[in-house]
Every structure is written in C-alpha cells, then in structure tokens.
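Enquirer: task: produce atomic coordinates for the following.
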Amino acid sequence: MPKNNKHHAALLASPGMGHLIPIVGLGKRMATHHDFHVTIFFIASDHGLTTSLLKSPTVENLDIVPLPLVDISALVGPNTQLVEKLIIIVRESLPSLRSLIAAMKYRPSALIVDLFGADAFDIAEEFGMLKYVFNTANAWCLAAILHSSRLGNKFILEHHIKGQKPLEIPGCKSLSFEDTPESLRNIDRSGQLEFHGFKMTNSHGILINTWEDLESSTIEALRDNNHLRGLVKVPIYPIGPLVGQDGNQALDKQVKQWLDKQPIESVIYVSFGSGSTLSATQMTELAWGLEQSQQKFIWVVRPPSNNAVGTYFTIGKDDVDGTPDYLPQGFFTRTKEIGLVIPMWAPQVQILSHPSVGGFLSHCGWNSTLESIMNGVPMIAWPLYAEQKMNAAMLTEDFEIAVRPKVSTTEEIVGREVIGNMVITIMADKEGKAMRDRVKELKNRAEKALCKGGSSFNFLSQVAKDCMHHLLA
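Expert: Model prediction:
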C-alpha cells in the first residue's frame, strides 16, 4: 500500500447519535486543524437523523463511509442489554470494515474507535495502525468503567449492587448506587463492557470528549497509576468539547420568528434527545408543570412510551385545538402566548444558541450537556438511561449549573408542582442567575481549551505528531 506525507486516520462510530455526533466532530477538527485526512466509518442505521447529520457542510480531507447494516436478530434476545447489542453490532460489522480499509489507497496511520469498538483493534494491528479509543462520554464515566473492570463482578455485586454502597473510585468522585448506569448495575450482562475496559488499556491512548480544566482531578487520577493501581498505562488526551453543529439544518421560520420576539434568556428549551421518550402520565405532569410555571418554553414533543429509550408510533385523535390526545385537553390553547411545541425533532444547537433561550430541560446525554455548556445555558437535569444520571450528578453537585428532581426520574413520576418550581428556579430566581453566570464561565474556559495553544488543541496536536512519526517509521 503506498504512503504519502499526509497522515491519514480512520474513525469508527457505533450506531446512535450519541456516538456519531462527537465522532464527526472529532473528524472535522482533525481535518481542519491538525492536517489529517480522515475517513469516518459508521454503522448504517435507518434512523433519519443519521442522514440529516451527515448532510453537514463538506470539509476538505474528510470522508464519511457507511458500513452495511448487519442482522443480529439471531444473536440477541428480548432481554439483551443495549450496551451488549452495540458491541455485537460492531463485532458483526468488522469484516466490512476490514475490506474497506484494505481497499484504501493510503493506509491510515491510526484507527480511532468509540467505547464499543475495541474489537476493531485486531484490524488495526493487522494493518500496522496505531490504536486509540475515543470516549464520547466524560472522564468520570471512563474512570467508573475502568475501575469496575479492575474490581470484577463479584465485588461489584456484593458491595455496590446488593449492598447499594457507593463505588469508591480512587482519586475521583464516588459513584452512588442510584446514579450507576444500567450497564454496570446489571452484572449478568456487564462482562462485554468490562472486557472492552481491559482492551482500552491496550491502546496507544484514550481520547476523551472533555477538557482538562473541567475534570482536572478525575483526569489526574486516570493518569496516576497509583490511584487506579496500574490499570491505565496509556496516555489520556482530553480533546473536547466536541459538539454537534446541526449540519445544514436551519431553524424553522415559525420557530425563529417566535424566538426573535422573546426577551433575552427568557425561554426554556425542553428536549429529551434524539429518541428518548416519557410515559403518558409523566408527559401530562410535564405539560401541566410548564403551563403552571408561566415561563416561556419550546418543547420538542414525542408520543409517550413506557420505554425511555423510545418508540415511535402513530398518535391517536387530536383535541379540537390540535393538542395531541396524550397532552392535557386544551393545552395548546392555554399556552399559545407562552409556549411553542415542536413535533418529534428540532435543530438543538441552533435553538440553544439563540439569545432568547436561557434554560434547558434535558435528559443529560453528554452531547446535550456539552451543547448547553457551550451556549452558556443552565439546565434542569432529567436523566433517563445510560450514564445520564452520572452527568446529572456532576451538573448539580460539582459544577452547580443545574437543578434536579429529588425523586428518581426513571422510577417515579415527577409532579407538576416540582416541575413548575424547577422551571421558575432556572428562569426567574437568583439561583438560576447564579447558575447562568457559572455556566458562562465554563463556556469561556471550554473555548480557550479548543483555541490554538489551549489544552485540548495541544493534546490533539500530540496525537497528530504521534501518527506522523508512526507513518514515517
């Protein structure tokens, strides 16, 4: 295979917007700022939002290549956990990835995979490529995964799951049982993730979608072999925050006109990610809470489901004013002066960046969290699954830029009074203003990290240098 003087990198994204958005962000940054030619391989999905994301403005030296959708129906059952499904999908996609890399004109000097793609390291070794992991979540989540891998299932089961005692992570914030992701709670099915935890430590480095100044103590602990007892022996590169750009998606004319009429920082944006949903009862309480707060709102609404990960189905009959039957009767009529409801999906970054938006009620996915920070918007933390409860704990306890219901948002119904009070706190109270000031300071620090000479810029530059040295070796 011929070589050239430009360093090429291949990136592999698992299914799901939570992985694809930061992978595309990383690829664009590597191509634009660090002289890479980047090929992003992503596992095809029939999710319409994937297509929308990939219509983003073209970047020179960036190629995006889909891998064929694989059929894993014979390999999973009705109770197979989401994490395990993702790992299996990636594993079944490896033959296609190998064929495409083998056919490339120039051999990539590095393969960068997300958290569920470590099985692709065999391909990297076959083609003599450097191996990196890109952790699209935060450093604390990575520390929890790696430390759990070291402790093993027996200890986690007895101490953390049955005993419900906090998981002590040396040098890091302890992880309460209530905030533990399902993938670490469900011992019977967590072996796949543990195995990937060990594989990550056999890479040439771990990139993290955070920045040094945001999680300095956790990143220091990850780098300190004494803290994690020799588990992390590879370089740690905090290279974020890498956030979505919404591609070519512009604000709908009606949405833009409505936002333009509102006072600065007067609107709370309500959205639970690209596919998450609430139960019918919880949606009713949320609707009443927004209405009773009398604060301006934009709400991205999907039909309810008992599964937080989300399902799409045909809605029933609407009320006379167009209100769907799963919202309180007459909701649209009563809130027409203060609210705007958007069905199914909206260009989130475009909305968060509008001057009229001053709060965000969010499921606390890490992408959404970073997008909120990068636009200086405080949050109401409403975690639903995966590591979102960990993110919510960081936002409320460490950064103090969010409020959170005292009850579990996955196990109990959050009442309308609680919701209304949280909205008022964020949008109208002194406490909310203090959070807004703090999140704007975080935004400024994040921007400095990404600028030339900043910590995130320098860490990614080091990866580029290592790839160039490997290419010339």
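
Enquirer: from here on, just use CA atoms for contacts and neighbour counts.
Expert: Fine.

Enquirer: from L251, how far off is I145?
Expert: Per Cα to Cα, to the nearest Å, I145 is found 38 Å from L251.

Enquirer: how many other residues sit next to the residue lying closest to S461 once chain neighbours are set aside?
Expert: Of all residues not flanking S461 in the chain, H34 sits nearest, at 6.3 Å (Cα to Cα, 6 or more residues apart in numbering). The tally of other residues near H34 (other Cα atoms under 10 Å) stands at 18.

Enquirer: touching, H34 and V463? I think so.
Expert: No: at 9.3 Å, H34 and V463 do not qualify as touching, with contact defined as Cα atoms under 8 Å.

Enquirer: chain center to stretch 241-257: distance?
Expert: 18 Å (Cα atoms, centre = their mean, to the nearest Å).

Enquirer: F360: which element?
Expert: strand 357-362 (DSSP states H and E).

Enquirer: now do the next helix-or-strand element following that strand against strand 357-362, angle only.
Expert: Later in the chain than strand 357-362, the nearest helix or strand by DSSP H and E is helix 366-374. Inter-element angle recorded for helix 366-374 and strand 357-362: 160 degrees (by axes from the mean of the first three to the mean of the last three Cα atoms, to 10 degrees).

Enquirer: circling back: list the contacts for the residue nearest to S461?
Expert: 460-461, 464 (Cα atoms under 8 Å, 6 or more residues apart in numbering).

Enquirer: among these, which are in strands?
Expert: Among those, no member is found in strands (DSSP state E).

Enquirer: which one of those is nearest E158?
Expert: Of all the contacts of H34, E158 sits closest to L460, with 40.1 Å by Cα to Cα.

Enquirer: could you list the residues in contact with the helix or strand containing G420?
Expert: Using DSSP H and E, G420 maps to helix 416-428. Outside of helix 416-428, the residues within contact range by Cα under 8 Å, 6+ apart are 265-268, 285-293, 295, 358-359, 378-380, 402-405, 431-433, 435.

Enquirer: want to throw the contacts of H34 into TSV with pLDDT?
Expert: Below are the contacts of H34 laid out as TSV (pLDDT from 0 to 100):
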residue	pLDDT
L460	97
S461	96
A464	93
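
Enquirer: going by distance to K452, which of those wins?
Expert: S461 (9.7 Å).

Enquirer: what's the distance between the closest one and L370?
Expert: 22 Å.

Enquirer: which one's more surrounded, those two?
Expert: It is L370, of S461 and L370, that has more neighbours when counted by other Cα under 10 Å, with 22 against 19.

Enquirer: residues contacting that one?
Expert: Counting by Cα under 8 Å, 6+ apart, L370 has contacts 241-243.

Enquirer: so among these, where is pLDDT lowest?
Expert: Least confident of those in the model: V243, at 91.

Enquirer: my read is it is in a strand, agree?
Expert: No: under DSSP: H, G, I helix; E, B strand; the rest coil, V243 sits outside any strand and is assigned coil.

Enquirer: what's the burial count for it?
Expert: 22.

Enquirer: go on, G376?
Expert: G376: 25 neighbours (other Cα under 10 Å).

Enquirer: check which helix or strand it maps to.
Expert: Using DSSP H and E, G376 falls outside every helix and strand.

Enquirer: what pLDDT does it get?
Expert: Reported pLDDT for G376: 98.

Enquirer: mind checking how far the nearest residue to it once chain neighbours are set aside is from G339?
Expert: Once flanking residues are discounted, G376 sits nearest to K440: 4.4 Å by Cα to Cα, 6+ apart. Applying Cα to Cα, the value for K440 to G339 is 25 Å.

Enquirer: more neighbours: which of the two?
Expert: Of the pair K440 and G339, G339 is the one with more neighbours under other Cα under 10 Å, namely 22 against 19.

Enquirer: not counting its neighbours along the chain, what's nearest that one?
Expert: F297 (4.7 Å).

Enquirer: I'd guess that neighbour is in a strand, am I close?
Expert: Yes: assessed with three-state DSSP, F297 lies in a strand.

Enquirer: how's this structure carved up into domains?
Expert: 7-245+449-472, 253-428 (automatic domain parsing).

Enquirer: lowest average confidence across those, which one?
Expert: domain 7-245+449-472 (a mean of 86).

Enquirer: how long is that one from one end to the other?
Expert: Start-to-end, domain 7-245+449-472 (Cα to Cα) is 9 Å.

Enquirer: same check on stretch 274-288?
Expert: OK, stretch 274-288 end separation, Cα to Cα: 23 Å.

Enquirer: so among the contacts of helix 416-428, which ones count as buried?
Expert: 265-268, 285-293, 295, 358-359, 378-380, 402-404, 431-433, 435 (16 or more other Cα atoms under 10 Å).

Enquirer: mind listing which of these are in helices?
Expert: Per DSSP state H, helices hold the following members of the buried ones among the contacts of helix 416-428: 285-293, 431-433, 435.

Enquirer: do a quick rundown of the strands in this structure.
Expert: 7-13, 36-43, 62-67, 110-114, 130-135, 205-208, 236-238, 267-271, 296-301, 339-343, 357-362, 379-381, 402-403.

Enquirer: can I get these in CSV with distance to L94?
Expert: Output for the strands of the chain, formatted as CSV (distance: least, Cα to Cα, whole Å):
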stretch, distance to L94
strand 7-13, 10
strand 36-43, 10
strand 62-67, 9
strand 110-114, 12
strand 130-135, 15
strand 205-208, 21
strand 236-238, 26
strand 267-271, 34
strand 296-301, 36
strand 339-343, 36
strand 357-362, 34
strand 379-381, 37
strand 402-403, 40
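
Enquirer: just the ones you listed: most buried one?
Expert: Of all the strands of the chain, strand 379-381 carries the top mean neighbour count, a mean of 30, counting by mean count of other Cα atoms under 10 Å.

Enquirer: which residues are in contact with that one?
Expert: 359-364, 372, 392, 395-396, 401-405, 422-423, 426.

Enquirer: strand partners (parallel or antiparallel) of that strand?
Expert: Counting by DSSP bridges, the strands paired with strand 379-381 are strand 357-362 (parallel), strand 402-403 (parallel).

Enquirer: ok, residues contacting the shortest one?
Expert: Spelled out, it's strand 402-403. 378-381, 392, 395-396, 422, 426, 435.

Enquirer: change it to 6 Å
Expert: 378-380, 395-396 (Cα atoms under 6 Å, 6 or more residues apart in numbering).

Enquirer: on that earlier part again, so for I145 and L251, which residue has more residues nearby?
Expert: I145 (20 against 16).

Enquirer: what residues are up against the more buried one?
Expert: I145 neighbours (Cα under 6 Å, 6+ apart): none.

Enquirer: ditto for W288
Expert: R416 are the contacts of W288 under Cα under 6 Å, 6+ apart.

Enquirer: which stretches of the stretch 101-250 of the chain form helices?
Expert: Per DSSP state H, counting those that start in this stretch, the stretch 101-250 of the chain carries helices over the ranges 121-126, 139-151, 153-155, 182-185, 191-200, 216-223.
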